[in-house]
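*Asks:* Fold the following and give me the result.
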Amino acid sequence: MKWSCDVRNKTASNIFALEGRNTPDTSSLCEFDFYEPVWYFELNTFPVDKRVMEQRLGEAHKIGQAICYWVMTSMGKPIARSTVQAKFEADLGTDLAKAELKALDEKVSIKLSSVSN
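*Replies:* Below you'll find the predicted structure:
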């Protein structure tokens with residue numbers, strides 16, 4: 001619901017008091033869809049930063065610098081990250097990516113169902 005409200009609040013409307021002016025920054029809404037598979041970099045993992053696939057939830061307002069997003073981890077816990085990148089269709093089309101995404105969704109479903117019970 002929060003993502004839907006963000007979209008509604010940042011898109012043009014016909015409110016008379018705006019006098020035709022409505023130019024909010026919608027870049028954070030245009031780049032990703034809700035619960036879209038994304039990459040983010042887990043920093044400070046030795047010897048190099050680790051690229052992790054998770055699901056993007058929405059913009060993390062007033063957290064971090066510039067554009068920061070909420071990402072749902074496989075443990076069912078949302079974390080804020082600014083190193084989020086879109087997964088390309090070519091990436092998602094591979095059997096390995098499909099299996100990884102299916103395993104991620106199953107882990108999140110199991111974790112969230114155990115929390116609600």
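*Asks:* all helices in this structure, in order from the N-terminus.
*Replies:* Along the chain, the segments classed as helices by DSSP state H run 2-10, 27-30, 89-92, 95-116.
*Asks:* what about Leu101, how many neighbours?
*Replies:* 16 (other CB atoms under 10 Å). Placement of C-beta: from N, CA and C, glycine included.
*Asks:* I'd guessed it sits against Pro37; true?
*Replies:* Yes: assessed by CB atoms under 8 Å, Leu101 is found in contact with Pro37 at 5.5 Å.
*Asks:* anything in contact with each of these two?
*Replies:* Common neighbours of Leu101 and Pro37, using CB atoms under 8 Å, 6 or more residues apart in numbering, are 53, 92.
*Asks:* Met75 is nearest to which of the helices of the chain?
*Replies:* helix 95-116 (5.9 Å; CB to CB).
*Asks:* Could you tell me which residues within the closest one count as buried?
*Replies:* 97, 101, 104, 108 (16 or more other CB atoms under 10 Å).
*Asks:* repeat for stretch 56-73
*Replies:* 56-60, 68-73.
*Asks:* Out of the helices of the chain, name the one with the poorest average pLDDT.
*Replies:* Between the helices of the chain, the lowest average pLDDT goes to helix 27-30, which shows a mean of 67.
*Asks:* What strands line up against the strand of greatest length in the chain, and which way round?
*Replies:* When the chain is scanned for its longest strand (criterion: DSSP state E), the result is strand 50-59. Sheet pairing of strand 50-59 (DSSP bridges) gives strand 36-42 (antiparallel), strand 69-72 (antiparallel).
*Asks:* any residues touching that strand, and which ones?
*Replies:* 2-3, 6, 28-29, 32, 34-42, 67-74, 78, 84, 87, 97, 100-101, 104-105, 108.
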